[in-house]
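Engineer: let's see this in three dimensions:
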Amino acid sequence: MTRLRIRTLLITLLLLVPVRVTIAQTLTSATVVGTVKDPGGAVLPHVTVHIRQPETNAIATTLSGKTGEYRFPFLKPGNYEITAEANGLSAEPVRIHLLVGQEKTVEVTLGVKAVQQTVEVNAGNELLELIEVQLGTYFGEDDIIRIEDDYARN
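Structural biologist: Next up is the predicted model:
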C-alpha cells in the first residue's frame, strides 16, 4: 500500500513540474502575435518576420504561416522593433514596448521595397591604340596559285 502511495505521489509530481515551468515562463515573458498583409489588406503567407531588441541587438526570425500569421513567444519585457520582407516587399519597422505577461498583437503591412541602384561608368582614353596600325591579309594556297597564274598571263 505504501508503494502505491509513493508511485502516485511521484507520478503527480512529474506531471506538475512541466506545468510549473510553463507558468513560470509565461509570467516572466511576453508574446508578440500578428498577421502580415499587403497594402490592399490581403494576407501574405511565408513572409520572413524579424523582431529585434535594440538594447541587446538580439534578433529572432520566423516565417508567417499560410494565413499570414506569425508568433514570437517567450520574449523578455522591453522595447522591440518588428520588420518583415518578401520578394521585393518590405515593411517599415514597427516599434513596440512589451510588459511582463503581455500578449501584444502587431499587424505588419508590406509595401513595395524602395530600390536604389547606382551605375558607375569609367571612360578612359585607351579604347583604340592609335600608335601602331597594321594591315594584313591572309593568302591561302589557292590564292597564291591564282596570283601566279594571273602574273604569268600578263
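
Engineer: Three-state assignment for residue 5, please.
Structural biologist: Here residue 5 is helix, with the state taken from DSSP: H, G, I helix; E, B strand; the rest coil.

Engineer: how deep is it tucked in, by neighbour count?
Structural biologist: 9 (other CB atoms under 10 Å). In this view, the C-beta of every residue, glycine as well, is placed from N, C-alpha and C.

Engineer: for the most centrally placed residue in the chain, what are its contacts?
Structural biologist: With distances taken as CA atoms, centre = their mean, the chain has residue 48 as the residue nearest its mean C-alpha position (5.9 Å). If a contact means CB atoms under 8 Å, 6 or more residues apart in numbering, then residue 48 has 61, 62, 63, 84, 85, 86 as its contacts.

Engineer: host element of the nearest residue to the first one once chain neighbours are set aside?
Structural biologist: Leaving aside its chain neighbours, residue 61 sits nearest to residue 50 (5.1 Å; criterion: CB to CB, 6 or more residues apart in numbering). According to DSSP states H and E, residue 50 maps onto strand 48-53.

Engineer: go on, residue 59?
Structural biologist: Assigned by DSSP H and E, residue 59 belongs to strand 58-63.

Engineer: now that strand, how far from the chain's geometric center?
Structural biologist: The chain centre lies 10 Å from the centre of strand 58-63; the measure is CA atoms, centre = their mean, to the nearest Å.

Engineer: quick one: name whatever helix or strand follows that strand.
Structural biologist: Per DSSP H and E, the helix or strand that comes after strand 58-63 is strand 69-75.

Engineer: partners of that following strand in the sheet?
Structural biologist: The sheet places strand 69-75 alongside strand 30-37 (antiparallel), with pairing taken from DSSP bridges.

Engineer: got the buried residues for the strand it pairs with?
Structural biologist: By neighbour count on 16 or more other CB atoms under 10 Å, the buried set for strand 30-37 is 30, 31, 32, 34, 35, 36, 37.

Engineer: can you check stretch 51-64 too?
Structural biologist: Neighbour counts using 16+ other CB under 10 Å place 51, 52, 53, 64 of stretch 51-64 among the buried residues.

Engineer: that one: end-to-end distance?
Structural biologist: Across its full length, stretch 51-64 reaches 13 Å end to end, with CA to CA, to the nearest Å as the criterion.

Engineer: and the residue nearest to residue 61, what's its pLDDT?
Structural biologist: Among the per-residue scores, residue 50 shows a pLDDT of 97.
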